[in-house]
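S.K.: Got a predicted structure plus its sequence, pasted below:
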Amino acid sequence: MSDESAQDTTVKRTTVAAPNPGLKRGADIEASLHVALERVARGGEENLHLCRPAACPSCRGSGGRDGAPRRRCEACQGTGHITHSLRGDGQAVLIQRITPCPACYGRGSLIDHPCQACRGTGTIAREATLTVTIPRGIADDTVLRITGQGAPSPDPAGGAGDLLVLVQTQRDPRFERDGANLLYRETIALTDAVLGTTRAVPTLDEAATSVLIPPGTQAGAVLRLPGKGLPGLDGGRRGELQVHIRVHVPQTLSHEERALYERLRVLASRPAIDGDDSAAHSEERRLPGG
Ligand SMILES: [Zn+2]
Ligand SMILES: [Zn+2]
């Protein structure tokens, strides 16, 4: 075994020393991570579980049986590509065309006996847990690049690829996210819309905040609470919490409620009367008799 690994080391050195344009970086791999609004608000670390290619332990990433090194491809002299030149009368090169070597599929090397465990690819899928640092106020659909955490290089001397993590905001039962702003929906009774009320509205800072809904609030009105949204990126200004008002219109009424709404309709259809309340009252009293 020790002889074999010594041999392996020698091969690696040879590979590094040899001018090899086929020396490749590992592939980038992609993963996605859903983070809660609280994490966006505060920033910090999240665990990311993923399945990614790792160097095959049976062949130590060479792809050859028992770790046998890859053999240099003679068809392309290990470059991975073939140059086709079209020469004119004076032997000057007119057109040069470069194509990937068909013998080694552009890798520059070949395997005589592939490793059984990885079928000659040199990699196997491995589960891993990584810690990803989420910046405060991270925008939705941000891609974080974590260098060197991608797939290992097919070449023993090549570096690993990068891991690209797509960060998305988790759905939240309370709020919708709109950039740095948070949207909250509150449904109020028709009477509360007319007369005004207060409501406790949740915030991301644990404590709920009391919101004054003024008399005469219209359906679809938006009440804005500056500084109660998400932090801006790079210490930018904090967004606002927007309370979107829906007004509930009752569909069933008691006899008493119906009588009151009918009375309101009569009052609303009458031309406005200037003067004090007592004048209006006396006029109302005269109506049934008159
Ligand atoms: Zn080749
Ligand atoms: Zn293998």
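M.R.: Structure received. Ligands and ions are numbered 1, 2, ... in the order given.

S.K.: Would you pull up how far stretch 178-192 lies from the middle of the chain?
M.R.: 25 Å (C-alpha atoms, centre = their mean, to the nearest Å).

S.K.: Only the buried residues of it, if you could.
M.R.: For stretch 178-192, a neighbour-count test (16 or more other C-beta atoms under 10 Å) marks A180, N181, L182, L183, Y184, I188, D192 as buried. Where C-beta positions appear, they are placed from N, C-alpha and C, glycine not excepted.

S.K.: Name the spans of the stretch 1-150 of the chain whose pLDDT lies under the cut-off.
M.R.: Along the stretch 1-150 of the chain, segments meeting pLDDT under 70 span 1-23, 93.

S.K.: Output the set of residues of it in proximity to ligand 1.
M.R.: Contact residues (C-beta under 5 Å from the ion) of the stretch 1-150 of the chain with ligand 1: C73, A75, C76, C101, A103, C104.

S.K.: Can you say which helix or strand has Q149 in it?
M.R.: Under DSSP states H and E, no helix or strand contains Q149.

S.K.: Tell me who's in contact with the nearest residue to it once chain neighbours are set aside.
M.R.: Once flanking residues are discounted, Q149 sits nearest to L163: 3.8 Å by C-beta to C-beta, 6 or more residues apart in numbering. Each residue near L163 by C-beta atoms under 8 Å, 6 or more residues apart in numbering is listed here: D28, I29, E30, A31, L50, R52, L130, R145, I146, Q149, G150.

S.K.: Rebuild the residues you listed as JSON lines, extending it with secondary structure.
M.R.: What follows is the contacts of L163, written out as JSON lines (DSSP: H, G, I helix; E, B strand; the rest coil):
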{"residue": "D28", "secondary structure": "coil"}
{"residue": "I29", "secondary structure": "strand"}
{"residue": "E30", "secondary structure": "strand"}
{"residue": "A31", "secondary structure": "strand"}
{"residue": "L50", "secondary structure": "strand"}
{"residue": "R52", "secondary structure": "strand"}
{"residue": "L130", "secondary structure": "strand"}
{"residue": "R145", "secondary structure": "strand"}
{"residue": "I146", "secondary structure": "strand"}
{"residue": "Q149", "secondary structure": "coil"}
{"residue": "G150", "secondary structure": "coil"}
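
S.K.: What subset of those is buried?
M.R.: I29, A31, L50, R52, L130, I146, Q149, G150.

S.K.: Name the nearest of these relative to ligand 1.
M.R.: Set against ligand 1, the nearest of the buried ones among the contacts of L163 by C-beta to the ion is G150 (24.5 Å).

S.K.: and the gap between the closest one and E127?
M.R.: 15 Å (C-beta to C-beta, to the nearest Å).

S.K.: now swap in E30 and tell me
M.R.: From E30 to E127 the distance is 16 Å (C-beta to C-beta).

S.K.: swap in C104?
M.R.: For C104, the distance to E127 - C-beta to C-beta - is 31 Å.

S.K.: Give the bridge partners for the residue nearest the centre of the chain, please.
M.R.: Centroid-nearest residue in the chain: Q168, 2.4 Å away (criterion: C-alpha atoms, centre = their mean). Counting by DSSP bridges, Q168 is bridged to H34.

S.K.: Neighbour count and secondary structure added to the residues of the stretch 1-150 of the chain next to ligand 1, as TSV?
M.R.: As requested, those are exported to TSV (neighbours: other C-beta atoms under 10 Å; DSSP: H, G, I helix; E, B strand; the rest coil):
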residue	neighbour count	secondary structure
C73	20	coil
A75	14	coil
C76	23	coil
C101	19	coil
A103	15	coil
C104	23	coil
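
S.K.: Let me have these in a markdown table, extended by distance to P173.
M.R.: Shown next, in a markdown table, are those (distance: C-beta to C-beta, whole Å):
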| residue | distance to P173 |
| --- | --- |
| C73 | 58 |
| A75 | 61 |
| C76 | 59 |
| C101 | 56 |
| A103 | 58 |
| C104 | 55 |
